[in-house]
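A.B. asks: coords please:
(chains A and B)
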Amino acid sequence: MNKSANNAFTPKYAHIYIEKSAKSYDLTTHIMAQFPHATIIEIDNYKHVFSRPRQQFALQKEAAKLILAVKKPPFLYKGAEVCHDFGYKHFYYTSSTLNCVYNCDYCFLQGMFPSGHVVLFVNIEDYFNEVEAVLAQHPLYLSISYEADLLSFEHMVPFAKRWISFAESKRNIMMELRTKSANYKAISSIPAHDQVILAWTISPQEVITNHEPKTPTLKARLHSMKQAMEDGWKVRLCFDPVLHIEHFESLYRECIEQTFATINADQIEDISIGVFRIPKDYLKTMRKQRPDSALVHYPYIHQNGVMTYPDEITKKCIDNVYAAVAAHADKDKIFTE
Amino acid sequence: MLYITTALYAEARPFIEKFSLKKKNAISNLQYFSNDDINLIVTGTGLMSAVMGTTYLLSSHSIQSHDMMFNIGICGAKSSHFTIGEAVICNKIVHHDTKRAFYPDILFQHALQEGSLESFSHIVDLQTDLHLESDMVDMEGAGWYYASSQFMSPHQLVCIKVISDYLDASHITSDQVTTWIDNQLPAIIHVQAALSTIIQPKKEIFNEEEKRWLDNIKTQLRLTVTQYHKLNQLTMQYKIRTKQPLEWIAPYATMPIVSTKQERKEIFEQICKQCLYT
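C.D. replies: Now for the predicted structure:
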């Protein structure tokens, strides 16, 4: 996108769509107070905006709107098979936010969602009620930032804080908050507890620069992660997705060296390693949305409904990263596909 | 290409004069004007007319991702929040009869006010006993949006209404209508320019020579439809990924026609392999 085009887009969240039923929630008031100059448009159902046909996800990311809505059940979904479950039997995810402030080339959301606009579900208490009902039946491993990077929104809506505080009193829940943000300070006032794992996606700076626009630098992410560890939180390192790009061996090796020069490997809860993989239908949509992305137009192969690298390339990527990580960390802590 | 619909000739006149649009005798009941960059149709008043005119206009062209569709016209305002003669961009358009709402995707910056529009099947005035949900009323907007959205993305659709009255349209003349639209023409052109800045034409992946090579390879190798599709996909991915021209493929385009399926298979696999990472 050239500079003049960038200037022609509306500022982020210049328009806020609000479901009539969402107007009475405290979180709506909290969010609205931060955008006194936004144009407010009342809607009956968030899908009337979010699910319009023929939307352009990539264009919308340049001029994102906010949609405030009330989520209807279900509030929890079974974790996808392409995701690591870290050995937990009851792996679920939940989405109090749809879409993300970042704009990563490889993000599956652009293949999954019809819109690049951001949906915030303001009835967070309803989520908590359903989690409690499930916890009465069995323990739960719950990913709370699966379809968004919650921590990056924390300045706008305190979802991460609310979820973390909710989990504190529960004995049979393990909650993962995954992020690329450097916004740990937004939750640093909460005392650390064992029910939450803070997980950072770590990428080489060259990958961040070229393929993860609008995300914090590697240095900033590591700094945030270090603070969380020093405060006593369980921290997970995610080298996921590992991308098969030119010089990937040296790029990931240097990234891993920088990571373990900053943080103490012994204090890491665990480490996940995975290559790029995405449902076939999502990739098809992504290729239409990003006609110039080398990453998206890589000749992936089809395996059981999932597009990924050929086995020999997957092995090369995983082996390379695994060896570099294993030089610093206990092998029992490393999870691969 | 810019497509425009208006309900009345008086609303279209400023565009016809400003852009020297020429009348086309395409269909007797619709007034249709165009030049190389603009197609404008006067649909007549009412929702059905708006649907018919819009559908006719868009179905008779091959719509591109960088095209734009504008609905321009006068409307009544519920309150004096808007001034007479002011142009307003509609961010919500409600079909009054069905209560179905449509939302143009306003991704471009502009200096106009925004408001919601409610489209009725009949004239609305102060005597009409109606609960108005929106800021403005007209008789075409919802029909125009519904028809346009069958062909284009929500960010390509722009509905601009010029306030003509506060629900009392009995004394409006066609000259007044033309003057109001004419006064807002610079603002409307500004909106069109802003939108065109953010929706650039799609870049062609292959140049003309490369397209010829691929077509020739299809003939020389007697490729099946599936193989030709795969060839196109792999070469496209190769170009996007490597940013390199496809010159290496040229010799395959001038080779003699293959005589056996085995020969075709071997050469095709060779090309595919060259397109992929090893």
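A.B. asks: count the residues that sit near the closest residue to A:Pro310 other than its chain neighbours.
C.D. replies: In this structure, A:Pro310 finds its nearest non-sequential neighbour in A:Ile301, 5.1 Å apart by C-beta to C-beta, 6 or more residues apart in numbering or on different chains. Backbone N, C-alpha and C define where each C-beta goes, glycine included. Burial measure for A:Ile301: 13 neighbouring residues, criterion other C-beta atoms under 10 Å in any protein chain shown.
A.B. asks: ramachandran coordinates for A:Ile301?
C.D. replies: According to degrees, to the nearest 10, the main-chain angles of A:Ile301 amount to phi -110, psi 160.
A.B. asks: mind listing what it touches?
C.D. replies: A:Met307, A:Thr308, A:Tyr309, A:Pro310 (C-beta atoms under 8 Å, 6 or more residues apart in numbering or on different chains).
A.B. asks: partner residues bridging the second one?
C.D. replies: Which is A:Thr308. With DSSP bridges as the criterion, the beta-bridge partners of A:Thr308 are A:Arg277, A:Ile301.
A.B. asks: isn't it right next to A:Lys280, touching?
C.D. replies: No: checked against C-beta atoms under 8 Å, the pair A:Thr308 and A:Lys280 is beyond contact range at 10.1 Å.
A.B. asks: quick one, phi/psi of the most centrally placed residue in chain B?
C.D. replies: Geometric centre of chain B, nearest residue: B:Met68, 3.6 Å, by C-alpha atoms, centre = their mean. Phi and psi for B:Met68, reported as degrees, to the nearest 10, are phi -130, psi 150.
A.B. asks: still on that earlier bit, who's more crowded, A:Thr308 and A:Lys280?
C.D. replies: When neighbours are counted by other C-beta under 10 Å, A:Thr308 comes out ahead of the other of A:Thr308 and A:Lys280, with 22 against 14.
A.B. asks: distance check, that one against B:Leu221.
C.D. replies: Computed as C-beta to C-beta, to the nearest Å, the A:Thr308 to B:Leu221 distance reads 29 Å.
A.B. asks: ok, B:Leu57 next?
C.D. replies: The gap separating B:Leu57 from B:Leu221 is 43 Å, by C-beta to C-beta.
A.B. asks: so which of those two has more stuff around it?
C.D. replies: Neighbour tally, B:Leu57 and B:Leu221, criterion other C-beta under 10 Å: the higher count belongs to B:Leu57, 25 against 22.
A.B. asks: residues contacting the residue lying closest to that one once chain neighbours are set aside?
C.D. replies: The shortest distance from B:Leu57 to any non-neighbouring residue, by C-beta to C-beta, 6+ apart, is to B:Ile41 (4.6 Å). Applying C-beta under 8 Å, 6+ apart to B:Ile41 gives the contacts B:Tyr3, B:Ile4, B:Thr5, B:Thr6, B:Leu30, B:Gln31, B:Tyr32, B:Phe33, B:Gly53, B:Thr54, B:Tyr56, B:Leu57.
A.B. asks: rebuild the residues you listed as JSON lines, extending it with pLDDT and secondary structure.
C.D. replies: JSON lines is the format used below for the contacts of B:Ile41 (pLDDT from 0 to 100; DSSP: H, G, I helix; E, B strand; the rest coil):
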{"residue": "B:Tyr3", "pLDDT": "98", "secondary structure": "strand"}
{"residue": "B:Ile4", "pLDDT": "98", "secondary structure": "strand"}
{"residue": "B:Thr5", "pLDDT": "98", "secondary structure": "strand"}
{"residue": "B:Thr6", "pLDDT": "98", "secondary structure": "strand"}
{"residue": "B:Leu30", "pLDDT": "87", "secondary structure": "coil"}
{"residue": "B:Gln31", "pLDDT": "94", "secondary structure": "strand"}
{"residue": "B:Tyr32", "pLDDT": "95", "secondary structure": "strand"}
{"residue": "B:Phe33", "pLDDT": "96", "secondary structure": "strand"}
{"residue": "B:Gly53", "pLDDT": "96", "secondary structure": "helix"}
{"residue": "B:Thr54", "pLDDT": "97", "secondary structure": "helix"}
{"residue": "B:Tyr56", "pLDDT": "95", "secondary structure": "helix"}
{"residue": "B:Leu57", "pLDDT": "96", "secondary structure": "helix"}
